[in-house]
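**Student:** Give the three-dimensional model of this entry:
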Amino acid sequence: MNLTAIRAIYTFEMARFFRTLLQSFISPVISTSLYFVVFGAAIGSRIDQVEGVSYGAFIVPGLIMLTVMTQGISNASFGIYFPKFIGTIFELLSAPVNFLEIVLGYVGAAATKALFIGIVILGTSAFFVDLNIQHPLAMIAFLLLTCISFALFGFIIGIWAKNFEQLQLIPLLIITPLVFLGGSFYSISMLPPVWQTITMFNPVVYLISGFRWSFFGQADVAIGFSLFAIGLFTAICIGIIWLIFKTGWRIRS
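**Tutor:** Below you'll find the model as predicted:
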């Protein structure tokens, strides 16, 4: 394992993040505050509690998941796409670095950035609502797995994309709607039976449900299914990345 190469890639990506630290820090704080004003105050005044939890606290796990997923994807996709765009990826591929070390560097940095933003949002939420995390270790585990899995997914998008428009296509048109329709701001049990069944085909439901369980001990889906879903998604992403580097798809032409 070439730890020097991993550290070099990781340090380079993190340096780009810290150059815009103020923007990276202020933006999620403002966004989270706006969500609490719109959803917590406006809708929360009409919905007192959801499954015994105040509505303001209920939406916190959904807010964190929404931001962590989108940040993990965007950071990883841009991180690997930019070397493709300027042509420096060929220097990386010709260096004595294998695909695992490249992935660890880029995905590790993207996951770290997403984790940082998730912690910022969690801290910001404490100013608006009282949070009592019932399963802190499970919360950390779900947060880390989500950061890593969606950073892997973003890495795949970055290799697949041929231009900057495609880079934002999947996050905007697929991931964000799935998160909003995955129970981020409501409980699945509040939906009519038909829509409850349809919603179960949304993979994001399992992630948000498991993460919310770590906060309140309540879930729309059994915790075992949530762990299986995120584990399967991570394994699929790793398999696709391995296949990409083995075949050279979109990285050697």
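**Student:** Any buried residues in stretch 218-230, and which?
**Tutor:** Along stretch 218-230, these residues count as buried under the neighbour rule (16 or more other C-beta atoms under 10 Å): 218, 219, 220, 221, 223, 226, 227, 229, 230. For every residue, glycine as well, the C-beta is placed using N, CA and C.
**Student:** what's the second one in contact with, if anything?
**Tutor:** Residues in contact with residue 219 (C-beta atoms under 8 Å, 6 or more residues apart in numbering) are 209, 210, 212, 213, 226.
**Student:** One more pass at 6 Å, please.
**Tutor:** The contact partners of residue 219, by C-beta atoms under 6 Å, 6 or more residues apart in numbering, come to 209, 213.
**Student:** roughly how far apart are it and residue 121?
**Tutor:** 20 Å (C-beta to C-beta, to the nearest Å).
**Student:** same thing with the last one?
**Tutor:** Counting by C-beta to C-beta, the gap from residue 230 to residue 121 is 19 Å.
**Student:** Also residue 173?
**Tutor:** Distance, residue 173 to residue 121, using C-beta to C-beta: 23 Å.
**Student:** Would you mark the buried spots in the helix or strand containing residue 177?
**Tutor:** Using DSSP states H and E, residue 177 sits in helix 176-180. By 16+ other C-beta under 10 Å, the buried positions in helix 176-180 come out as 178, 179.
**Student:** now it: mean pLDDT?
**Tutor:** Averaged across helix 176-180, pLDDT comes to 88.
**Student:** now it, how far from the chain's geometric center?
**Tutor:** Centroid separation between helix 176-180 and its chain, computed with C-alpha atoms, centre = their mean, to the nearest Å, is 12 Å.
**Student:** cool, stretch 72-92 as well?
**Tutor:** With C-alpha atoms, centre = their mean as the basis, stretch 72-92 stands 18 Å off its chain's centre.
**Student:** List the buried residues of that stretch.
**Tutor:** In stretch 72-92, counting by 16+ other C-beta under 10 Å, buried: 72-85, 89, 92.
**Student:** among the residues you listed, which are in helices?
**Tutor:** Using DSSP state H, the members of those that fall in helices are 72-85, 89, 92.
**Student:** Not counting its neighbours along the chain, what's nearest the residue nearest in space to the middle of the chain?
**Tutor:** By C-alpha atoms, centre = their mean, the mean C-alpha position of the chain lies nearest to residue 69, the distance being 1.9 Å. Closest residue to residue 69 apart from its sequence neighbours, by C-beta to C-beta, 6 or more residues apart in numbering: residue 150 at 4.8 Å.
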